[in-house]
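Asks: fold the following and give me the result.
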Amino acid sequence: MRFMKPFAGKNLLSIGLYPKIVLVFMAAIVPILIVGSLLIVNGEKTLRREIENSLSSRVHFYTAELSTALEHIVDLKREYIFDEDIQRFTTMSPVMTDYERSVEVRAIQKKIQTLKSSSAYIEDAALFLASEQKIIRPNRIAYTITPEDAAIHELMNRKAAPILVWHGKLVQAERFPTGTYEDELPAYWLVITLNERKIKSILSRMLTENGGNAILSGLESDWLLSGDDSNDRFQRLMTEMPQSHPEASGRNVTTVDRRDYIAAYERSAELGFALTLYMPEELVLKPLSGYQWWFRILMATAVVIVLLFAYWIYLFLQRPLQRLVRAFRKVSEGSFDVQLKSRSRDEIDYFYEQFNRMVGTIQSLIRDVYEQGLRSQRAELKHLQAQINPHFLYNAYYRLHRMAQDEDTDSVKRYTRLLGDYLKYITRNGREEATLKMEADHARTYADILKMRFRDKLSIEWEELPEDEENRLVPKLIVQPIVENAFVHGLEELDGRGVLRFSVARDAASGTLSLIVEDNGNLLSDDKLAALAERLQSSAEDIETTGVLNVHRRLALKFGPEFGLRISRSELGGMRVDIRLPAEERG
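Replies: Modelled structure (predicted):
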């Protein structure tokens, strides 16, 4: 072939545009990307691993420190709850004199003072003597135990955690005798209030970077302390990590509010708390700035290469393709005097030559196909518009005469308005297209005329169009002839009550919108139904082109052979006609 002569004796792939583009792009970009990626990825992995190890070490150290301090408080609590002097006082108090009782109370208060001073993590301590109705604290003695004070037993019954939240404070509590108390009180109980400021100072010492935080929380998520005053909801989200992982300690990258954090945690099941330390991931990657500068240099080099490569593509590929696109746009606008020429001997030259041939072919066929089709469509529409069924007019005016005789003024008004709308639409010769809503309304007007004529013998079920399809343009008179056909061949001679149904269906798979007209007529046999469906598929030019066939021919000419009418048996018993349109208008 002539267009292959420039490639004679050559390997087409060896000089084609696509291999050139791929080879040059790979040779220029891949080595740079590989080197840059290896530098960044390896540096990030190493630094991330070191930071995670550092976080884990800090969490373990401070967890051990807090555990030691809190375990010491637990030991003190048990030592004091079983103190012999306290037990003897609660037993012998009823037989003591007031002086002896006062001496014993002062001695116990000194013990409580000693207890408070024994650990920096103790803020306060209180011994509740139920029999004496006294609350002994290091610096004061209260002589009334309120129901609120006694309600701590309800909390101790529900939770076995060593650390409880009582009156907004973290406390450790113990009672004697041990056990569960519902309606009565133990002989006495000891409540130790933890020093939250001391604990927060420990947590704040763990923070070495801005944006990070250390959180001490209960394993049941009922309390938490943090090293700073950051958002409470945020802290709650961060404490979910040690609760959702089965391991006693670990580290992980977690995302909160679309921001990544590197976090480490450790749990103490015996003391019922977990320590979590986290910091924003961008702080971890901050030392990578040196690597990033090198990567920027590499990327700048890559950008220069890409720009040179892009300019090369523009000269040898983009500019010729733009010329081809502009030529196609002119053809789509109806200009067929376009000719393209190429200076190169590659695929672009082949495309230009085939485009020129295509334009010549279109010019030779447009008069025989396109213009002939348009004339046929206009002729068929005008032919259909000129048809007004005399039988319909006779029955319409006869019905109008009967209404006038019966002096049914309201029905006459409505009937003449419907008839006027019908005749106005069908005889209007302006545009050849109308909106889908206008077509459906015209068909509904025709159906309403039939309804007024037959009254209770005819039932109409009419579904509204989807709002997004109402304003699309379609050929005129595509629905009313189908409704008329259903009446003439299915409902007019029907014994009993007739049903005319109009519905809309979409099929996303085939991209069609179907307007469905059905009736319950029983006069159309299966053979006649099959014969009519076969006539719709016939491409013969000499078949009758009025009514149903006329609508089918015009729709197929407008939208393509896959659209038009489809005839089948309705579930109502009569004929079903699907008016198939494309779901979106074709350009």
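Asks: check contacts around Glu493.
Replies: Leu523 (C-beta atoms under 8 Å, 6 or more residues apart in numbering). From N, CA and C alone the C-beta is placed, and that goes for glycine too.
Asks: name the helix or strand for it, please.
Replies: Glu493 belongs to no helix or strand when assigned by DSSP states H and E.
Asks: kindly report the same for Glu518.
Replies: Going by DSSP H and E, Glu518 is part of strand 512-519.
Asks: that strand pairs with which strands?
Replies: strand 498-507 (antiparallel), strand 575-582 (antiparallel) (DSSP bridges).
Asks: now the first one: mean pLDDT?
Replies: Meaning strand 498-507. In this model, strand 498-507 has an average pLDDT of 91.
Asks: from the chain's centre, how far out does stretch 24-43 sit?
Replies: 35 Å (C-alpha atoms, centre = their mean, to the nearest Å).
Asks: scratch that, stretch 261-275
Replies: Worked out by C-alpha atoms, centre = their mean, stretch 261-275 lies 35 Å from the chain centre.
Asks: for it, buried residues please.
Replies: 261-268, 271-275 (16 or more other C-beta atoms under 10 Å).
Asks: what pLDDT does the residue nearest the centre of the chain get?
Replies: For the chain, the residue sitting closest to the mean C-alpha position, by C-alpha atoms, centre = their mean, is Arg258 at 16.7 Å. pLDDT, Arg258: 79.
Asks: quick check: the gap between it and Ile215.
Replies: 20 Å (C-beta to C-beta, to the nearest Å).
Asks: and the strands paired with strand 512-519 as JSON lines, adding distance to Phe234 and mean neighbour count?
Replies: Shown next, in JSON lines, are the strands paired with strand 512-519 (distance: least, C-beta to C-beta, whole Å; neighbours: other C-beta atoms under 10 Å):
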{"stretch": "strand 498-507", "distance to Phe234": "47", "mean neighbour count": "18"}
{"stretch": "strand 575-582", "distance to Phe234": "53", "mean neighbour count": "22"}
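Asks: neighbours of the residue lying closest to Ile136 once chain neighbours are set aside, how many?
Replies: Nearest residue to Ile136, sequence neighbours excluded (C-beta to C-beta, 6 or more residues apart in numbering): Leu127, at 4.5 Å. Neighbourhood size, Leu127 [other C-beta atoms under 10 Å]: 23.
Asks: list the contacts of whatever helix or strand Leu127 lives in.
Replies: Using DSSP H and E, Leu127 maps to strand 122-129. With contact meaning C-beta under 8 Å, 6+ apart, strand 122-129 is reached by 73, 80, 86, 89-90, 108, 112, 115-116, 134-138, 145, 149-150, 169, 187-198.
Asks: who's in contact with the nearest residue to Ala28 once chain neighbours are set aside?
Replies: Nearest residue to Ala28, sequence neighbours excluded (C-beta to C-beta, 6+ apart): Ile305, at 4.6 Å. When contacts are counted by C-beta under 8 Å, 6+ apart, Ile305 touches 28-29, 32.
Asks: then Glu439?
Replies: 474, 476-480.
Asks: make JSON lines out of those residues and add secondary structure, neighbour count and distance to Leu393.
Replies: Shown next, in JSON lines, are these (DSSP: H, G, I helix; E, B strand; the rest coil; neighbours: other C-beta atoms under 10 Å; distance: C-beta to C-beta, whole Å):
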{"residue": "Val474", "secondary structure": "strand", "neighbour count": "24", "distance to Leu393": "26"}
{"residue": "Lys476", "secondary structure": "coil", "neighbour count": "23", "distance to Leu393": "20"}
{"residue": "Leu477", "secondary structure": "coil", "neighbour count": "23", "distance to Leu393": "17"}
{"residue": "Ile478", "secondary structure": "coil", "neighbour count": "26", "distance to Leu393": "22"}
{"residue": "Val479", "secondary structure": "coil", "neighbour count": "25", "distance to Leu393": "20"}
{"residue": "Gln480", "secondary structure": "helix", "neighbour count": "23", "distance to Leu393": "15"}
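Asks: tell me where the stretch 201-350 of the chain has strands.
Replies: For the stretch 201-350 of the chain, the strands defined by DSSP state E, counting those that start in this stretch occupy 213-218, 224-226, 249-256, 259-268, 273-280.
Asks: give me the packing partners of the longest one, helices and strands only.
Replies: Read that as strand 259-268. If you count contacts as 3 or more C-beta pairs under 8 Å, 6 or more residues apart in numbering; DSSP states H and E, strand 259-268 packs onto helix 17-81, helix 240-244, strand 249-256, strand 273-280, helix 281-284.
Asks: OK, contacts around Met241?
Replies: Applying C-beta under 8 Å, 6+ apart, the residues near Met241 are 252, 254, 263, 265, 276.
Asks: state the distance from the second one to Arg236.
Replies: By that I understand Thr254. Distance of Thr254 to Arg236, computed by C-beta to C-beta: 13 Å.
Asks: do the same with Ile112
Replies: From Ile112 across to Arg236, the span is 35 Å (C-beta to C-beta).
Asks: now swap in Gly564 and tell me
Replies: Taken as C-beta to C-beta, the span from Gly564 to Arg236 is 64 Å.
Asks: okay, these two: which has more neighbours?
Replies: Gly564 (23 against 13).
Asks: what residues are bridge-paired with that one?
Replies: The partner residues for Gly564, given DSSP bridges, come to Arg580.
Asks: that one against Leu555, yeah?
Replies: Yes - Gly564 is within contact range of Leu555, at 4.4 Å (criterion: C-beta atoms under 8 Å).
Asks: of the contacts of Met241, closest to Val577?
Replies: Closest approach between the contacts of Met241 and Val577, by C-beta to C-beta: Thr254, at 61.7 Å.
Asks: which residues touch that closest one?
Replies: Neighbouring residues of Thr254 by C-beta under 8 Å, 6+ apart: 238, 241, 260-261, 263, 278.
Asks: now do 6 Å
Replies: Contact partners of Thr254, counting by C-beta atoms under 6 Å, 6 or more residues apart in numbering, are 241, 261, 263.
Asks: can you give me the distance of the first one to Val74?
Replies: Distance of Met241 to Val74, computed by C-beta to C-beta: 26 Å.
Asks: point out where the protein drops to low pLDDT.
Replies: 1-22, 208-211, 221, 229-232, 284-292, 366-391, 428-431, 539-546, 584-587 (pLDDT under 70).
Asks: the residue most distant from the middle of it, which is it?
Replies: Thr97 (78.4 Å).
Asks: over to that one: give its phi and psi.
Replies: phi -80, psi 170 (degrees, to the nearest 10).
Asks: how near is it to Val103?
Replies: Thr97 is 10 Å from Val103, by C-beta to C-beta.
Asks: give me the buried entries from the contacts of strand 122-129.
Replies: The buried subset of those - by 16+ other C-beta under 10 Å - is 73, 80, 86, 89-90, 108, 112, 115-116, 134-138, 145, 149-150, 188-196.
Asks: what's around Ala447, how many residues?
Replies: If we define neighbours as other C-beta under 10 Å, then Ala447 has 23 of them.
Asks: looks to me like Glu407 is in a helix.
Replies: No - under DSSP: H, G, I helix; E, B strand; the rest coil, Glu407 falls outside any helix and is assigned coil.
Asks: need the contact list for Ile145.
Replies: Contacts of Ile145 (C-beta under 6 Å, 6+ apart): 128, 133.
Asks: apply 7 Å and report the result again.
Replies: By C-beta atoms under 7 Å, 6 or more residues apart in numbering, the residues touching Ile145 are 128, 130, 133, 135.
Asks: would you show me how to pick out the buried ones of those in PyMOL?
Replies: Restricted to buried positions by 16+ other C-beta under 10 Å, the PyMOL selection for those reads:
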select buried, resi 128+130+135
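Asks: tell me which of the contacts of Ile145 is nearest to Pro466?
Replies: Distances from Pro466 to these, taken by C-beta to C-beta, are shortest for Phe128, at 74.8 Å.
Asks: kindly state the beta-bridge partners for the closest one.
Replies: Ile135, Trp189.
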